[in-house]
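S.K.: Below are the sequence and a predicted model; questions follow.
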Amino acid sequence: MAPQIASVVFALGICVLFWLDRDQEARTSKALWIPVLWVLINGSRPVSVWLQVGPTMDSPEKYLNGSPLDALVWGILLAAGLIVLVWRGRQVGTLMRANGPILLFFAYCALSVLWSDYPFVAFKRWTKAVGDVVMVLIVLTDPDRSSAIKRLLARTGFVLVPLSVLFIKYYPDLGRSYNPWTWAPMYSGVAIGKNMLGMVCLVFGLGSAWRFVAAYSGDKGSQRTRQLIAQGVLFGMATWILSIADSMTSLSCFILGTGLIVMTSLPGLAGKPAAVHVLVAALVGVAVGALFLDPGGNLVGSLGRDATLTGRTTIWTAVLGLAGNPLVGTGFESFWLGDRLQRVWDLTAQGIQEAHNGYLEVYLNLGWVGITLLAALIVAGYRNVLAVFRRDPDAGRIRLAFLVVGVIYSLTEAGFRMMAPVWTFFLLATIAVPEPAVLESPTQLDMDIAYNFAECESEVDRALGVGFR
């Protein structure tokens, strides 16, 4: 098939997926498009890369400057998001008061800018990191929160995953590359690199698995059938990409996360926190044991990886040797800058920008204080997830999957970095939403009541030929 014809076919296919997955009863705000655009950009490539106007990141100095175009795009989205949150001030205030650990973590990140070698760069990066929280709050304060989460996953997943398939199969210059040492093919799809592609398919593959299980358990009907088809197709695409992308962390987490969703949907586990504790402990224990408690590397070797985790242990040794203050770190997102970045490149490989371990990343930038605050965030987030799971098992299981996958994924990838899809949805999962949930503000509710009452008046007027007024 010619690439032009394939493009038309995939475009039509994406439209069909949206049509199949439609829910006419869902009422989400137009503001939801702001986090959709945020995730679409962060899950693919920066705007400057798409337009081929960004700088080539081939030296440490260029990482300090970044792209003015990308900064402008992110700034516009962040400003729009803040306007929405100001408009929803009461709901946002309720959420903020219930999420002290997240506020404390980000407050410490802001404080760490003071001891960064590049405080202005660190502050700009902290501002982008706040954007993740802003986007999550827009979703969680939407008039129909449950539908907003589903539509966020659908609107982004139905675009990023099919386009990745299109790029890999029909646009190799955009969707493929080659390993510079082995010349083995590497697939990137719409993302930058195979690991980012794996992260994208992991997040939206889990979202499709959640939606598929929920639809399968629901009442039979045309809407159920349509959603099963749409989510099944997306799940199949994500699975296929993960099978060829050679991103073993994402594939392993995808299998564990999907299993967690399926297991917690069984009648024997739904709404039973004790059983969930055992299941989560088992999954995390298996992951930690396979990676760090298996000296022979047998379990890792069965996944096609060596005992060094494809060179990760070498990277970990190198960056630990360059770590700054062990208590407070080098400052928010400041380790991979300047001369330190060049020294890491000299010790490992040119172009590396992460330690391939989320906890080590936090330690390098924020020290043991940051690790402690992250641990508190995870513990509080887990409690919040269980609270949701008890009152709404369907909503709780996707939150549980995103939290557990974030914890495991970060063992061998930088999952806790700003604007990464795993981190964004990890935050969405861990934020506490007090009950009774603020699904609609009083203003919105009053407007809806008034609108429905006016509609009823109009119908009666037309029927009787008179008006009440």
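M.R.: That came through, no problem.
S.K.: what's the burial count for Arg176?
M.R.: Close neighbours of Arg176, defined as other Cβ atoms under 10 Å, add up to 16. Where you see a C-beta, it was placed from the backbone N, CA and C, and this is true even at glycine.
S.K.: Gly89 too?
M.R.: 11.
S.K.: same thing with Arg22?
M.R.: 15.
S.K.: Please list all residues in contact with it.
M.R.: By Cβ atoms under 8 Å, 6 or more residues apart in numbering, Arg22 lies in contact with Arg226.
S.K.: What does it show for phi and psi?
M.R.: Phi and psi for Arg22, reported as degrees, to the nearest 10, are phi -60, psi 150.
S.K.: what separates it from Gln223, distance-wise?
M.R.: Using Cβ to Cβ, to the nearest Å, Arg22 is found at 8 Å from Gln223.
S.K.: And for Trp19?
M.R.: According to Cβ to Cβ, Trp19 stands 12 Å off from Gln223.
S.K.: of those two, who's got more company?
M.R.: Regarding Trp19 and Gln223, a neighbour count based on other Cβ under 10 Å identifies Gln223 as having more, with 17 against 10.
S.K.: hang on, isn't that one packed against Asp23?
M.R.: Yes: using Cβ atoms under 8 Å, Gln223 is in contact with Asp23, at 7.3 Å.
S.K.: How about Trp345: what's its closest non-neighbour residue?
M.R.: Ile352 (6.5 Å; Cβ to Cβ, 6 or more residues apart in numbering).
S.K.: what's the answer for Gly100, then?
M.R.: Setting aside the residues directly before and after it, Gly100 is nearest to Ala380 in space (Cβ to Cβ, 6+ apart), at 7.8 Å.
S.K.: Mind checking what secondary structure that neighbour has?
M.R.: Assigned with DSSP: H, G, I helix; E, B strand; the rest coil, Ala380 falls in the helix class.
S.K.: check contacts around it.
M.R.: The contact partners of Ala380, by Cβ under 8 Å, 6+ apart, come to 99-101, 430, 432.
S.K.: Please produce a ChimeraX select command covering the buried subset of these.
M.R.: Only the buried entries of the contacts of Ala380 go into this ChimeraX selection, using 16 or more other Cβ atoms under 10 Å:
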select :99,101,430,432
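S.K.: Next, format the contacts of Ala380 as a markdown table and append secondary structure.
M.R.: Formatted as a markdown table, the contacts of Ala380 follow (three-state DSSP):
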| residue | secondary structure |
| --- | --- |
| Asn99 | coil |
| Gly100 | helix |
| Pro101 | helix |
| Thr430 | helix |
| Ala432 | coil |
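S.K.: In the contacts of Ala380, find the pair that's most separated.
M.R.: Gly100 and Thr430 (12.2 Å; Cβ to Cβ).
S.K.: Surely Met186 forms part of a strand?
M.R.: Yes: counting by three-state DSSP, Met186 is part of a strand.
S.K.: residue ranges of the strands in this protein, please?
M.R.: Assigned by DSSP state E, the strands in the chain fall at 176-178, 185-187.
S.K.: if we compare those, which one ends up closest to Tyr170?
M.R.: Using Cβ to Cβ, the strands of the chain put strand 176-178 closest to Tyr170, at 10.7 Å.
S.K.: quick one: low-confidence parts of the stretch 51-200 of the chain?
M.R.: 54-63, 179-183 (pLDDT under 70).
S.K.: swap the cut-off to 80 and go again
M.R.: Within the stretch 51-200 of the chain, the set of residues satisfying pLDDT under 80 comprises 53-66, 177-185.
S.K.: ranges for the helices of it?
M.R.: Ranges of helices in the stretch 51-200 of the chain, per DSSP state H, counting those that start in this stretch, are 60-65, 68-87, 89-97, 100-112, 119-140, 145-170, 172-175, 194-217.
S.K.: Please tabulate the ones you listed in JSON lines, including the columns distance to Val362.
M.R.: Formatted as JSON lines, those follow (distance: least, Cβ to Cβ, whole Å):
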{"stretch": "helix 60-65", "distance to Val362": "19"}
{"stretch": "helix 68-87", "distance to Val362": "22"}
{"stretch": "helix 89-97", "distance to Val362": "22"}
{"stretch": "helix 100-112", "distance to Val362": "10"}
{"stretch": "helix 119-140", "distance to Val362": "12"}
{"stretch": "helix 145-170", "distance to Val362": "26"}
{"stretch": "helix 172-175", "distance to Val362": "32"}
{"stretch": "helix 194-217", "distance to Val362": "18"}
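S.K.: Ok, which of these comes nearest Ile41?
M.R.: Going by Cβ to Cβ, the one of the helices of the stretch 51-200 of the chain nearest Ile41 is helix 68-87, 7.0 Å.
S.K.: now what about the closest one, what contacts it?
M.R.: 31, 34-35, 37-38, 41, 46-48, 51, 53-54, 92, 124, 127-128, 130-131, 134-135, 137-138, 141.
S.K.: Try it again at 7 Å.
M.R.: Residues from elsewhere that reach helix 68-87 (Cβ atoms under 7 Å, 6 or more residues apart in numbering): 31, 34, 37-38, 41, 46-48, 53-54, 92, 128, 131, 134-135, 137-138.
S.K.: In this structure Arg340 contacts Leu322, no?
M.R.: Yes: proximity of Arg340 to Leu322 meets the contact threshold set by Cβ atoms under 7 Å, at 5.7 Å.
S.K.: Among these two, which residue is more densely surrounded?
M.R.: Arg340 (19 against 15).
S.K.: Contact partners for the more buried one?
M.R.: Neighbour list for Arg340: Leu322 [criterion: Cβ under 7 Å, 6+ apart].
S.K.: If we use 10 Å, what do you get?
M.R.: Going by Cβ atoms under 10 Å, 6 or more residues apart in numbering, Arg340 touches 60, 117, 319, 322-324, 330, 334, 364.
S.K.: Likewise for Tyr382?
M.R.: 276-277, 280, 399-400, 403-404, 407, 429-430.
S.K.: switch the cut-off to 7 Å
M.R.: By Cβ under 7 Å, 6+ apart, Tyr382 lies in contact with Leu403.
S.K.: Please report how far the residue nearest the centre of the chain lies from Leu95.
M.R.: Taking Cα atoms, centre = their mean, the centroid of the chain lies closest to Pro421, which sits 2.6 Å from it. Noted for Pro421: a distance of 21 Å to Leu95, by Cβ to Cβ.
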